[in-house]
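S.K.: Sharing a model prediction with you, sequence too.
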Amino acid sequence: MTTRRALLSAGVAAAAIVAAAKLGGFSRALAQQKLTEAELLQFSRLGNVTLLHMSDLHAQLLPVHLREPSVNTGFAEAHGLPPHITGQEFLRHYRIAPKSPAAHALTAEDYVALAQGYGRMGGLDRLATAVKSVRAERGTDRVLLLDGGDTFQGSLTSYRTQGQDVADCIKLLKPDAATGHWEFTYGEARFNELTASLAYPFLAFNVHDAERGRPLLPSYKVFEKGGVRIAVLGHAYPHTAAVHPPSVLPAWTFGLREDEIRATIEKARREGTSLVVLLSHNGFDADRHLASRVEGIDIILTAHDHDALPEPVQVGRTLLIASGSCGKFLSRLDLDVRAEGLRRFRYKLIPLFADAITPDAEMAETVARVRAPFAAELSRVVGRTEALLYRRGTWQASFDDLICAAVRAERDAEIAFSPGYHWGTTVLPGSDITVEDIHNCTAISYPEVYRATLSGGRIKQILEEAAEGLCNPDPYQRLDRNMLRCGGLGYTLDARKPPGGRISALRQLTKGKPIEAAKNYVVAGWGNVSERVAGPPVWEVVEKHIARVKTFRTRPQSNVKLVSA
C-alpha cells in the first residue's frame with residue numbers, strides 16, 4: 001500500500017522562509033504569498049475511489065482560530081501513541097518542520113505568533129471549494145463525501161435555529177451520508193425533523209428503540225463508485241445517554257454493539273461489497289480497539305475526539321482516519337479497490353487556510369444569509385482578553401478557566417465546575433471577546449448554571465466519576481478525552497489507582513485549606529448530565545462577568561497534580 005509522509009505539501013515548501021523570519025514580523029501577505037490553493041489541494045491521485053471526510057464541525061460556518069492541544073494524555077494501551085502526542089514530539093514523529101504551516105495547523109507550538117501570520121482556518125465556503133475541486137478532478141462517480149457528525153451544534157445561530165442554519169449550508173456540500181452525537185440533544189422531534197430535511201441518510205445501527213430494542217435509523221448504505229460496491233456503516237456516539245441529561249434526548253438506547261457491527265459487515269459482504277467503511281463517532285481510542293477486535297472493516301473514519309492526524313493509523317488491515325474539527329481540515333483518501341477488495345491507498349489531510357483558498361460564492365452567500373438575523377448580536381463586543389483563550393487540553397483549558405471564574409463570581413460560589421468539552425474556538429490575546437466567542441464555547445441545549453451546597457465527600461465523588469470516564473483502562477468505557485474543569489479547587493489524580501481511589505489531596509485554593517469530606521461547600525456549575533436544573537444560561541453568566549471585569553487576564557490554572565498517566 002502507498003501512503004505519504006509529507007502530507008501537507010505547503011508546510012515543507014514554506015518551512016525555510018518561516019524559520020528564517022522573526023515571528024513578530026509575519027504578515028498576512030506572506031502567508032497568502034506562500035500558501036496557495038493549488039498547493040493545498042495538490043494530490044497525486046490513485047485508484048478508482050476517493051473518500052472525503054469531515055467531522056466535528058460544531059456549527060462553525062466561518063473561518064476560525066483553533067488551537068490544537070498542548071497536552072493530550074493517553075491512558076493504558078493508548079499512552080504515547082498517536083493521537084496522544086503533542087508539540088515537538090508530534091512534529092518529530094511526523095517529520096514536520098517547526099513553524100511551518102503544517103506545524104501551526106496541527107500543534108500548539110508558537111500558536112499565537114503563527115496565527116497572526118497564517119490567519120484563520122476553515123469556513124464552509126472554503127470547504128466547499130475543496131470538495132468541488134476534488135469532485136471536478138475525479139468525477140462524482142468516484143467520490144464519496146462522508147460527515148462524521150457533531151455538525152449541527154456549537155454556536156449561537158445553531159442554538160437559536162436548532163441546527164437549521166447549518167442544515168441550510170451543509171446541503172450545498174451534498175454529503176453522501178452522516179452519523180452523529182450532539183445532534184440528538186435537540187430532542188426526538190427536532191432530530192427527526194432535521195434529519196428528514198437532509199438530502200442524505202443519517203446512519204447509526206447502534207441507536208435502538210428503548211422498548212423493542214430495534215434499530216431506529218438506517219444501519220448502512222451501499223454506494224456504487226468507481227465500478228465497485230462500497231458499504232458505509234454508521235456508528236453514532238455510543239455513550240450519548242451517559243453524557244447528556246435524559247430531558248434533552250430521545251428515549252432511545254445507544255451502545256457500541258460489536259456483534260451488530262460483525263453482522264452488518266457480513267450482510268454487506270454477502271451483497272457483493274468490495275469495501276467496508278465505518279463512519280464512526282466513537283472516538284479514536286475506542287475505534288482503534290474496535291479495529292483490533294472486529295475483522296472486515298477496511299476504513300474507519302473516526303470522530304468525536306477532534307484529533308487531526310496527517311497519516312492514517314493502521315491496525316491490522318484497517319485504516320483509521322482522523323480529520324480534526326471546526327472545518328479546519330478535509331481528509332482525502334484515494335483508494336485502489338478491486339472486486340476482491342482494497343489494494344492500495346494514498347492519503348492527505350488538507351489544511352484549509354482561509355487566506356489561501358477562494359471562497360465558494362454559493363456557500364458564502366448562504367452562510368451570510370443564515371447569519372444575517374443574528375449579525376449585530378454576534379459581533380457585539382463584551383470585553384477583551386490579555387490571555388490566549390482555548391478549549392482543548394486534557395487537564396486544563398483557559399476558556400474553561402474564564403467560565404469557572406465567571407461562574408464562581410456571578411453565582412457567589414466557592415467552587416466551580418465546567419464540563420470537559422473539547423469543542424470551542426480560540427481567541428487570540430489582545431483581542432475583543434464577542435458574544436459569538438462566548439457562545440462558541442457554551443452553546444448547548446441545557447445551559448443552566450446551577451448553585452448547590454455539596455459536601456466535600458460528594459465533590460470527591462464527582463471528580464472520581466469524571467476520572468473513571470477519562471482513565472478507564474477499557475477504551476470502550478472512556479466517555480471523553482478531557483477531565484472535568486474546576487475553579488477554586490485543586491487535587492491530585494493517580495491514574496494507576498482503582499476506581500474510587502484516583503483522587504486525593506483535595507484543597508480549596510483560595511483559602512489554601514484541605515477539602516473536608518463532612519464539610520459543606522457552595523458549588524456552581526453547568527452542563528449537568530443527570531437532570532435539568534434551575535439557573536441562568538451559562539453564556540449570560542460569562543457575559544456579565546466579562547462586562548464587569550472589562551479585560552480578562554489570568555495565568556493558566558495548574559490545579560491538577562498528575563501522579564501517573
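M.R.: It's in. Residues are numbered from 1 along each chain as shown.
S.K.: Show me the domain layout of the chain.
M.R.: 9-370, 380-564 (automatic domain parsing).
S.K.: any idea of the mean pLDDT in the shortest one?
M.R.: To tie it back to what came earlier, the one meant is domain 380-564. Domain 380-564 carries an average pLDDT of 95.
S.K.: now the end-to-end length of stretch 435-447.
M.R.: Using Cα to Cα, to the nearest Å, one end of stretch 435-447 lies 15 Å from the other.
S.K.: what does stretch 490-500 give?
M.R.: From start residue to end residue, stretch 490-500 stretches across 17 Å - Cα to Cα.
S.K.: Could you do stretch 527-536 as well?
M.R.: Stretch 527-536 end-to-end distance (Cα to Cα) = 12 Å.
S.K.: got it, and stretch 353-371?
M.R.: Chord length of stretch 353-371, first to last residue, is 22 Å (Cα to Cα).
S.K.: how much space between residue 294 and residue 318?
M.R.: 8 Å (Cβ to Cβ, to the nearest Å). C-beta: built from backbone N, CA, C; applies to glycine.
S.K.: So if I had to pick from those two, which one is more boxed in?
M.R.: residue 318 (22 against 17; other Cβ atoms under 10 Å).
S.K.: The more buried one bridge partners, please.
M.R.: Beta-bridge pairing for residue 318 (DSSP bridges): residue 315.
S.K.: Can you verify my assumption that it contacts residue 289?
M.R.: No - Residue 318 is beyond contact range of residue 289, at 11.3 Å (criterion: Cβ atoms under 8 Å).
S.K.: isn't residue 374 right up against residue 157?
M.R.: Yes - Residue 374 is within contact range of residue 157, at 5.3 Å (criterion: Cβ under 8 Å).
S.K.: Of those two, which one has the most company?
M.R.: residue 157 (25 against 18).
S.K.: so who does that one touch?
M.R.: By Cβ atoms under 8 Å, 6 or more residues apart in numbering, residue 157 lies in contact with 59, 61, 165, 370, 371, 374, 378.
S.K.: Among those residues, which ones are in strands?
M.R.: Counting by DSSP state E, no part of the contacts of residue 157 is found in strands.
S.K.: of those, buried ones?
M.R.: With neighbours counted by 16 or more other Cβ atoms under 10 Å, the contacts of residue 157 contain buried members at 59, 61, 165, 370, 371, 374, 378.
S.K.: which among those gets closest to residue 478?
M.R.: Residue 478 has its nearest neighbour among these in residue 59, at 25.0 Å by Cβ to Cβ.
S.K.: looking at it, residue 419 is touching residue 484, isn't it?
M.R.: Yes - using Cβ under 8 Å, residue 419 makes contact with residue 484 at a distance of 6.7 Å.
S.K.: In space, what's closest to residue 224 - neighbours in sequence excluded?
M.R.: Of all residues not flanking residue 224 in the chain, residue 230 sits nearest, at 7.5 Å (Cβ to Cβ, 6 or more residues apart in numbering).
S.K.: Work out the gap between the helix or strand hosting that neighbour and the centre of the chain.
M.R.: Element membership for residue 230, per DSSP states H and E: strand 228-235. With Cα atoms, centre = their mean, to the nearest Å as the basis, strand 228-235 stands 23 Å off its chain's centre.
S.K.: Now the element after that strand, going C-ward?
M.R.: Sequence order places helix 240-243 as the next helix or strand after strand 228-235, per DSSP H and E.
S.K.: Please save the CA atoms from that following helix in CSV.
M.R.: The C-alpha trace of helix 240-243 is given here as CSV (Å, rounded to 0.1, in the frame of the first residue of the first chain):
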residue,chain,number,x,y,z
THR,A,240,-24.8,9.6,24.3
ALA,A,241,-27.2,8.7,27.0
ALA,A,242,-24.5,8.8,29.7
VAL,A,243,-23.2,12.3,29.0
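S.K.: What is the subsequent helix or strand relative to it?
M.R.: Assignment by DSSP H and E places the next element after helix 240-243 at strand 252-254.
S.K.: got the angle between the next helix or strand after that following strand and strand 228-235?
M.R.: As assigned by DSSP H and E, the chain's next helix or strand after strand 252-254 is helix 258-270. The directions of helix 258-270 and strand 228-235 differ by 170 degrees, with axes from the mean of the first three to the mean of the last three Cα atoms, to 10 degrees as the criterion.
S.K.: Quick one: mean pLDDT for helix 258-270?
M.R.: For helix 258-270, mean pLDDT is 95.
S.K.: and that helix, which residues are buried?
M.R.: 260, 261, 264, 265, 268.
S.K.: any idea how far the residue nearest to the last one when sequence neighbours are not counted is from residue 315?
M.R.: The shortest distance from residue 268 to any non-neighbouring residue, by Cβ to Cβ, 6+ apart, is to residue 231 (3.6 Å). Computed with Cβ to Cβ, the distance linking residue 231 and residue 315 is 19 Å.
S.K.: Counting neighbours, go ahead and name the busier of these two.
M.R.: residue 231 (25 against 17).
S.K.: Isn't that one up against residue 220?
M.R.: Yes - with contacts counted by Cβ under 8 Å, residue 231 reaches residue 220, the gap being 5.4 Å.
S.K.: between those two, what contacts are shared?
M.R.: Contacts common to residue 231 and residue 220, judged by Cβ under 8 Å, 6+ apart, are residue 268.
S.K.: quick one, strands of the stretch 451-565 of the chain?
M.R.: Taking DSSP state E, counting those that start in this stretch, the strands of the stretch 451-565 of the chain run over residues 485-487, 489-494, 503-508, 513-514, 520-525, 551-552, 560-564.
S.K.: For residue 451, find the nearest of the ones you listed.
M.R.: With respect to residue 451, and counting by Cβ to Cβ, the nearest of the strands of the stretch 451-565 of the chain is strand 520-525 at 4.7 Å.
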